[in-house]
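**Q** 3D, please:
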Amino acid sequence: MSIIENYIEENKSRFLEELFGLIRIPSISSEVARKPDMYRAAEYWKEILLSSGADRADVYETAGNPVTYAEKTIDPDKPTVLVYAHMDVMPVDPLNLWSTPPFEPEIREGRIWARGADDDKGQSFMHAKAFELMVKTNTLPCNIKFMIEGEEEIGSPNLGAWCEQHKDMLKADVILISDTSMIARDIPSITTGLRGLAYWQVEVTGPCRDLHSGLFGGAVANPINVLASMIAKIIDENGRITIPGFYDDVLEVSAEERALLAQAPFDAEAYKKALGVEALAGEKGYTTTEHTGIRPTFDVCGIWGGYTGEGAKTVLPSKAFAKISCRLVPNQDHEKIAILFKEYFERMAPKSVKVEVTPLHGGQGYVCPIDLPAYRAAENAYLDTYGRRPVPFRSGGSIPIVSTFEQVLGIKSILMGFGLESDNIHSPNENFPLEQFYNGIRTIPLFYRYFAELCE
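**A** So this is what the prediction gives:
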């Protein structure tokens with residue numbers, strides 16, 4: 001066995017016990033009542049990084065949730081890798097769809113089942129244990145810094161300012177992130193592009209109070225009906241978004257790059273079966289992979305109003321609400337899109353209702369060149385673990401802070417994800433295969449070795 005395999009085999013049970021301690025902390029950043037849990041998670045990370053070999057680790061305040069920072073310097077003249085991860089998780093609703101309690105991790109079917117098992121506690125914990133492995137076996141070839149934040153799931157509203165305040169402390173040659181997925185368990189991939197994000201809450205108000213739907217229905221506009229009608233007009237029959245100016249800055253992908261993206265294996269029938277749908281949708285003229293990687297989207301993430309309790313209540317509601325998001329592609333500015341949508345949606349409302357659009361958060365897209373030394377190091381590391389070169393892949397997801405890192409710190413990020421589509425991130429029954437967890441710990445030290453060699 002290699003040094004890496006020996007260390008993993010000797011400590012794999014402890015790794016899981018420590019990870020489970022982190023998962024049990026319900027660090028939901030979108031819920032104000034969970035603020036104390038964010039600090040518990042930050043302190044937990046501090047202790048884990050210190051015990052793994054960090055020279056120092058501290059919990060820093062921000063205008064919102066805390067950041068845990070740690071570092072290990074072996075030689076100032078050697079390259080430095082800054083590991084970014086997040087300690088916060090998504091809400092667990094609807095709770096009744098979980099097979100087991102979301103914050104009580106359980107192993108079954110070769111997977112860890114819990115909220116945060118993949119996103120991002122499981123994936124970030126791989127870095128802590130890979131770091132420990134390199135320190136304890138005297139194989140660490142680079143300096144390492146860790147930045148673990150507590151607001152990624154709400155758009156990292158305060159991390160940019162924190163980075164600006166600590167630019168000198170955060171100096172590094174590359175940022176390493178595992179908060180993305182692979183194409184399949186036996187097909188590694190490196191995420192070379194992320195979509196941006198714009199997110200709003202919409203409030204539609206009709207009458208000044210809830211009304212009897214029999215006495216007033218047909219004479220007074222129903223806010224839910226109006227909201228549904230307005231939303232339906234945002235996407236046309238070809239899957240195009242109708243917001244004026246929405247596509248003005250879209251970076252069109254060349255035919256050559258589209259051909260490269262098409263090399264990634266995709267089984268439409270298996271995809272539909274896994275999702276339980278009979279047909280797929282999307283913008284006309286593009287493939288499913290392109291829909292989720294290189295094209296923008298418009299989605300209603302939640303909609304509510306009126307009576308939703310048991311039985312019937314004949315009510316014409318006073319208000320209706322929706323949470324709406326757009327995934328954006330490179331060159332689309334999320335602040336510009338936020339204004340375009342707000343103006344369009346409020347302008348299209350009939351006089352029978354009042355509409356208020358409130359932007360919640362957003363972020364820019366990101367593209368990583370594939371000729372960086374860090375990209376080649378990641379490519380070689382995956383090759384050693386999985387026996388094949390990773391496919392460059394553009395993700396449909398967003399990590400808004402990645403573009404901020406480039407703007408504020410001037411550092412490129414490498415996205416080495418180990419998650420799978422079947423992990424149900426952001427959904428009930430989130431999970432993470434044990435095989436992927438341990439493969440991450442195997443692969444990350446190889447990245448450091450190759451990166452150090454390429455930087456010599």
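
**Q** Could you pull out the helices in the stretch 151-300 of the chain for me?
**A** Secondary structure of the stretch 151-300 of the chain by DSSP state H, counting those that start in this stretch: the helices cover 159-165, 213-216, 223-232, 255-261, 268-275, 288-293.

**Q** Pipe the ones you listed into JSON lines and attach distance to residue 38 per row.
**A** The way it works is simple: take the backbone N, C-alpha and C, and place the C-beta from them, glycine included. Putting the helices of the stretch 151-300 of the chain into JSON lines (distance: least, Cβ to Cβ, whole Å) gives the following:
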{"stretch": "helix 159-165", "distance to residue 38": "13"}
{"stretch": "helix 213-216", "distance to residue 38": "43"}
{"stretch": "helix 223-232", "distance to residue 38": "33"}
{"stretch": "helix 255-261", "distance to residue 38": "38"}
{"stretch": "helix 268-275", "distance to residue 38": "33"}
{"stretch": "helix 288-293", "distance to residue 38": "31"}
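
**Q** for the ones you listed, which one sits closest to residue 109?
**A** Of all the helices of the stretch 151-300 of the chain, it is helix 268-275 that lies closest to residue 109, at 15.6 Å by Cβ to Cβ.

**Q** Dump the C-alpha coordinates for the closest one into CSV.
**A** Output of helix 268-275 as CSV, limited to C-alpha atoms (Å, rounded to 0.1, in the frame of the first residue of the first chain):
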residue,chain,number,x,y,z
ALA,A,268,-31.0,11.2,-22.1
GLU,A,269,-33.2,8.2,-21.4
ALA,A,270,-31.3,7.4,-18.1
TYR,A,271,-31.4,11.1,-17.2
LYS,A,272,-35.2,11.2,-17.6
LYS,A,273,-35.7,7.9,-15.8
ALA,A,274,-33.6,9.1,-12.8
LEU,A,275,-35.7,12.3,-12.6
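
**Q** who touches that helix?
**A** 278, 279, 280, 288, 421, 422 (Cβ atoms under 8 Å, 6 or more residues apart in numbering).

**Q** now stretch 202-217, how far from the centre of its chain.
**A** Stretch 202-217 sits 38 Å away from the centroid of its parent chain (Cα atoms, centre = their mean, to the nearest Å).

**Q** what comes up buried for stretch 389-397?
**A** By neighbour count on 16 or more other Cβ atoms under 10 Å, the buried set for stretch 389-397 is 390, 391, 392, 393, 394, 395, 396, 397.

**Q** Show me this structure divided up by domain.
**A** Residue ranges for the domains of the chain, per automatic domain parsing: 3-194+365-454, 196-250+296-363.

**Q** Go through the helix or strand of the chain with the lowest mean pLDDT and flag the buried ones.
**A** Using mean pLDDT, DSSP states H and E, helix 255-261 stands out as the lowest-scoring helix or strand of the chain, at a mean of 79. In terms of neighbour count (16+ other Cβ under 10 Å), helix 255-261 has its buried residues at 258, 261.

**Q** One more: stretch 397-407?
**A** So, applying 16+ other Cβ under 10 Å, buried residues of stretch 397-407: 397, 398, 399, 400, 401, 402, 403, 404, 405, 406.

**Q** repeat for stretch 191-206
**A** Neighbour-count burial for stretch 191-206 flags 191-200, 202-206 (criterion: 16+ other Cβ under 10 Å).

**Q** Compare the helices of the stretch 151-300 of the chain and give me the one nearest residue 310.
**A** helix 213-216 (17.7 Å).

**Q** which other residues reach the closest one?
**A** By Cβ under 8 Å, 6+ apart, the list of residues contacting helix 213-216 from outside reads 207, 314, 315, 316.

**Q** could you list every residue that touches the residue lying closest to residue 185 once chain neighbours are set aside?
**A** The shortest distance from residue 185 to any non-neighbouring residue, by Cβ to Cβ, 6 or more residues apart in numbering, is to residue 420 (6.0 Å). The neighbours of residue 420, taking Cβ under 8 Å, 6+ apart as the test, are 181, 182, 184, 185, 433, 436.

**Q** just those residues: which has the poorest pLDDT?
**A** Within the set of those, pLDDT is lowest for residue 184 (89).

**Q** Who is that residue paired with across the strands?
**A** Note on residue 184: beta-bridge partners by DSSP bridges are residue 187.

**Q** I'd like the distance between it and residue 285.
**A** 26 Å (Cβ to Cβ, to the nearest Å).

**Q** ok, these two, which is more surrounded?
**A** residue 184 (15 against 10; other Cβ atoms under 10 Å).

**Q** didn't the more buried one look like it was pressed against residue 265?
**A** Yes - under the criterion of Cβ atoms under 8 Å, residue 184 makes contact with residue 265 at 7.3 Å.

**Q** any idea which element residue 81 lies in?
**A** Following DSSP states H and E, one finds residue 81 within strand 80-86.

**Q** still on that earlier bit, what is the most widely separated pair among the buried residues of stretch 191-206?
**A** 192 and 206 (46.8 Å).

**Q** Determine the number of other residues adjacent to the nearest residue to residue 230 once chain neighbours are set aside.
**A** Leaving aside its sequence neighbours, residue 230 sits nearest to residue 348 (Cβ to Cβ, 6+ apart; 6.0 Å). Neighbour count of residue 348, defined by other Cβ under 10 Å: 14.

**Q** between the helices of the stretch 151-300 of the chain, which gets nearest to residue 333?
**A** Minimum separation from residue 333 across those (Cβ to Cβ) falls at helix 159-165, 15.2 Å.

**Q** how about residue 321, secondary structure?
**A** strand (DSSP: H, G, I helix; E, B strand; the rest coil).

**Q** show me what contacts it?
**A** Contacts for residue 321 (Cβ under 8 Å, 6+ apart) come out as 201, 202, 203, 204, 227, 302, 303, 304, 305.

**Q** Just the pLDDT for it.
**A** On pLDDT, residue 321 comes in at 98.

**Q** Dig out what it forms beta bridges with.
**A** Here residue 321, judged by DSSP bridges, has bridge partners residue 203, residue 304.

**Q** The closest residue to residue 369 other than its chain neighbours and residue 14, how far apart?
**A** Spatial nearest neighbour of residue 369, excluding adjacent residues (Cβ to Cβ, 6+ apart): residue 375 at 7.1 Å. Between residue 375 and residue 14 the distance is 32 Å, computed by Cβ to Cβ.

**Q** One more: residue 209?
**A** From residue 209 across to residue 14, the span is 59 Å (Cβ to Cβ).

**Q** Next, give phi and psi for the residue nearest to residue 185.
**A** phi -130, psi 160 (degrees, to the nearest 10).

**Q** ok, now residue 341?
**A** phi -70, psi -50.

**Q** how about it, what does it touch?
**A** Residue 341 makes contacts with 198, 200, 243, 324, 326, 357, as judged by Cβ under 8 Å, 6+ apart.

**Q** One more: residue 423?
**A** Residue 423 touches 117, 118, 119, 181, 430, 431, 432, 433, counting by Cβ under 8 Å, 6+ apart.
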